[in-house]
Every structure is written in C-alpha cells, then in structure tokens.
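A.B. asks: sequence first, predicted coordinates after that:
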Amino acid sequence: MTTNLAELLPQDDAYVYTFSIGNEAGDERAEVDLEYELTLRTTTNLPLSYELYMNQDYTDEGATSIITENVVDYDEQGTYFRTIKTEKQTLPYTEGITNVYQLVIYFPANYNQEKFQDVLEMLEITVDGNQITGE
C-alpha cells in the first residue's frame with residue numbers, strides 16, 4: 001500500500017493510522033502457519049517522527065513502539081528514504097489472529113513555517129509474507 005500524506009499539517013497532536021494483518025478473512029483461515037515482515041518506507045521531505053504499535057493503543061500507559069530499525073538512506077538517484085522495520089511475526093493456522101497496528105506520526109507545531117507548505121510526504125507499507133512449511 002502506498003499513500004500520500006498530503007493532509008499533514010504541523011500540530012501538537014499525533015496523526016494516527018490504523019491497519020491490520022491477519023490469517024483469516026470472513027469464515028476462511030489460512031491452512032498453514034504464516035510469517036510476515038512489515039516494512040514502512042517514507043520519503044524524508046518533512047521533519048516527521050514515527051512510532052508503530054501492535055495490538056495496543058499508543059495512548060495506553062506502558063505502550064511500547066515495536067520499531068526495531070529506523071534508517072535513513074538514499075537510492076541510486078540520490079533520493080533519501082526512511083526505512084522502518086519490525087520483528088518478524090508468526091500466525092499459526094490453529095487459531096485466527098489479526099494483529100492491529102497503529103502508525104503514529106508526529107509533525108510538531110513548531111514546524112509551522114512557509115518552507116513546509118505544499119510539501120508532500122509518501123508512505124509505503126509492505127507486508128512480505130510466507131508460508132511456513134515442514135523441513
């Protein structure tokens with residue numbers, strides 16, 4: 001999924017985006033164990049900071065961001081990107097599981113400056129999933 005974060009304005013409140021990843025849809029469930037890796041890739045056009053929570057509300061006391069890697073690097077064309085990763089997750093076929101994520105983005109109000117007006121930020125969420133098969 002790729003989305004344009006065009007509606008971001010500097011403010012004291014966080015922007016929160018919720019999405020989920022699971023091993024069932026309706027009455028159907030995966031018939032084998034699954035594992036997936038979650039990667040978020042963003043442009044670095046705005047001074048944003050990111051947190052990611054799984055199966056917890058970011059406002060809860062003790063809530064902990066699950067980001068394990070947060071790296072800014074550039075591609076062949078010299079364009080800078082931020083890559084955010086988490087630990088690999090496993091979904092056993094024996095039970096229906098849906099992991100609910102909250103992506104929390106901060107764009108502090110002190111960046112309310114003309115140079116950030118009309119600047120776009122892109123976010124790409126990639127779920128790389130595999131079946132776990134016997135050896």
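C.D. replies: Noted; the coordinates are in hand.
A.B. asks: quickly list what residue 19 is bridged to.
C.D. replies: Judged by DSSP bridges, the bridge partners of residue 19 are residue 101.
A.B. asks: mind listing what it touches?
C.D. replies: 1, 100, 101, 103, 125 (C-beta atoms under 8 Å, 6 or more residues apart in numbering). Any C-beta I mention is one placed from the backbone N, CA and C, and that applies to glycine too.
A.B. asks: what's the distance between it and residue 51?
C.D. replies: 14 Å (C-beta to C-beta, to the nearest Å).
A.B. asks: thinking again about what came up before, of all the contacts of residue 19, which two lie farthest apart?
C.D. replies: 1 and 100 (15.4 Å; C-beta to C-beta).
A.B. asks: was I right to think residue 132 contacts residue 33?
C.D. replies: Yes - contact criterion C-beta atoms under 8 Å: residue 132 and residue 33 qualify, at 4.0 Å.
A.B. asks: before we move on, the earlier item: dump the contacts of residue 19 into JSON lines; add distance to residue 86 and neighbour count as well.
C.D. replies: Listed next are the contacts of residue 19 as JSON lines, based on distance: C-beta to C-beta, whole Å; neighbours: other C-beta atoms under 10 Å:
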{"residue": "1", "distance to residue 86": "16", "neighbour count": "8"}
{"residue": "100", "distance to residue 86": "14", "neighbour count": "14"}
{"residue": "101", "distance to residue 86": "9", "neighbour count": "19"}
{"residue": "103", "distance to residue 86": "11", "neighbour count": "19"}
{"residue": "125", "distance to residue 86": "11", "neighbour count": "18"}
